[in-house]
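Student: heads up, no residue letters with this:
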């Protein structure tokens with residue numbers, strides 16, 4: 001009987017966890033929102049406080065939820081993969097994140113060169129023009145970071161690989177942090193240093209003409225420049 005009760009309790013906790021997970025991944029609880037307090041979850045789900053706590057703890061462990069002492073529990077990510085990656089990359093060195101970006105973005109550029117549509121090319125060129133304008137106007141750092149991220153995301157989208165796109169979107173927070181670290185290094189090392197516009201422009205044209213090898217080489221070259229900036233700052 002004791003074994004049977006354990007199995008039943010475990011099953012109930014699992015079902016409760018899945019129900020809370022469903023609320024998150026379907027968007028019923030949006031990213032950044034505060035979930036109902038424990039007494040309300042107990043009432044809605046018809047389970048014990050311990051079961052609710054176990055379910056919340058499980059989803060916190062995988063990164064979907066985030067407990068804020070004295071405030072409550074918030075939705076951290078609407079994807080299990082995204083939550084896990086976000087937790088894993090949160091404290092990583094920017095150089096490590098940059099190396100991961102290079103791996104993903106190199107293959108994304110190669111795929112984009114072989115699968116891009118005319119609409120994709122138009123989007124890339126328009127995004128590059130917007131990024132250049134933002135940089136020339138010396139927009140606030142957060143605007144520049146978002147524009148750079150959006151441009152790289154457009155390249156990934158042009159590869160038309162849903163899994164690669166999902167993976168890249170799920171490390172978005174870390175990618176933005178990497179971009180911000182690079183911009184910070186540039187400002188501290190040489191305030192007037194210009195971004196490697198030629199590499200961005202050449203990359204788009206390589207994708208446009210379907211040259212995957214050239215596109216991949218340009219991503220690696222671009223990453224090497226960013227790596228040198230971060231590396232130089234770390235030796236200061």
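Tutor: Right, received. Where do you want to start? All values derive from a computational prediction rather than experimental measurement.
Student: Tell me the first helix or strand C-terminal of the lowest-mean-pLDDT helix or strand in the chain.
Tutor: Across the helices and strands of the chain, the lowest-confidence element by mean pLDDT, DSSP states H and E is helix 80-89, at a mean of 67. Later in the chain than helix 80-89, the nearest helix or strand by DSSP states H and E is helix 94-115.
Student: ranges for the helices of this protein?
Tutor: 2-25, 38-45, 49-61, 80-89, 94-115, 118-136, 141-158, 162-169, 172-189, 197-208, 212-234 (DSSP state H).
Student: would you list those helices in TSV and tack on mean neighbour count and distance to residue 69?
Tutor: Placement of C-beta: from N, CA and C, glycine included. Compiled in TSV, the helices of the chain are given as follows (neighbours: other Cβ atoms under 10 Å; distance: least, Cβ to Cβ, whole Å):
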stretch	mean neighbour count	distance to residue 69
helix 2-25	14	20
helix 38-45	14	14
helix 49-61	17	12
helix 80-89	18	17
helix 94-115	19	28
helix 118-136	15	38
helix 141-158	19	27
helix 162-169	14	29
helix 172-189	18	21
helix 197-208	19	43
helix 212-234	17	33
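Student: would you list those helices in a markdown table and tack on distance to residue 71?
Tutor: Compiled in a markdown table, these are given as follows (distance: least, Cβ to Cβ, whole Å):
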| stretch | distance to residue 71 |
| --- | --- |
| helix 2-25 | 18 |
| helix 38-45 | 13 |
| helix 49-61 | 14 |
| helix 80-89 | 19 |
| helix 94-115 | 28 |
| helix 118-136 | 35 |
| helix 141-158 | 24 |
| helix 162-169 | 27 |
| helix 172-189 | 20 |
| helix 197-208 | 41 |
| helix 212-234 | 34 |
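Student: and residue 67, which of the ones you listed is closest to it?
Tutor: With Cβ to Cβ as the measure, helix 49-61 is the member of the helices of the chain nearest residue 67 (5.7 Å).
Student: about what we covered before: the helices of the chain: lowest mean pLDDT?
Tutor: With a mean of 67, helix 80-89 has the lowest mean pLDDT of the helices of the chain.
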